[in-house]
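Student: fold the following for me, if possible:
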Amino acid sequence: MEQHGIGHKLVTRMLEELDGVYMIGMMCDEGRQPYYDKFGMIKSWPILSIKLRLPN
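Tutor: Reported below is the predicted structural model:
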C-alpha cells in the first residue's frame, strides 16, 4: 500500500475544498513541478502549477 505524506493530504484537501472553482493557480519552485503533475496540474508560466476545471 502506498503511503501519502502531509503534502499529499494538504493538496488533496485543497482540491476537494475548491471543487467547482474554474481555475486554481499556485506557485512552487520549478524543481517541485513533477510533484504537482500527479494531481493533474500543468505548468503555465509565470504560475508553475495550475489546475483547470472545465464546465460539465
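
Student: could you measure from residue 35 over to residue 22?
Tutor: 23 Å (CB to CB, to the nearest Å). Every residue, glycine included, has its C-beta placed from N, CA and C.

Student: more neighbours, the two?
Tutor: residue 35 (15 against 10; other CB atoms under 10 Å).

Student: what packs against the host helix or strand of that one?
Tutor: Assigning secondary structure by DSSP states H and E places residue 35 in helix 33-37. Counting contacts by 3 or more CB pairs under 8 Å, 6 or more residues apart in numbering; DSSP states H and E, helix 33-37 is packed against strand 47-52.

Student: quick check: mean pLDDT across the strand it packs on?
Tutor: Averaged across strand 47-52, the pLDDT comes to 64.

Student: and for stretch 11-19?
Tutor: In the prediction, stretch 11-19 has an average pLDDT of 90.

Student: give the buried residues for that stretch.
Tutor: By 16 or more other CB atoms under 10 Å, the buried positions in stretch 11-19 come out as 11, 15.

Student: starting at the chain centroid, how far to the helix or strand containing residue 13?
Tutor: Using DSSP H and E, the element containing residue 13 is helix 6-17. With CA atoms, centre = their mean, to the nearest Å as the basis, helix 6-17 stands 9 Å off its chain's centre.

Student: quick one: contacts of that helix?
Tutor: 4, 24, 35, 36, 39, 51 (CB atoms under 8 Å, 6 or more residues apart in numbering).

Student: nearest residue to the fifth one other than its sequence neighbours?
Tutor: Taking CB to CB, 6 or more residues apart in numbering, and ignoring the residues beside it in sequence, residue 39 has residue 11 as its nearest neighbour in space, at 5.6 Å.
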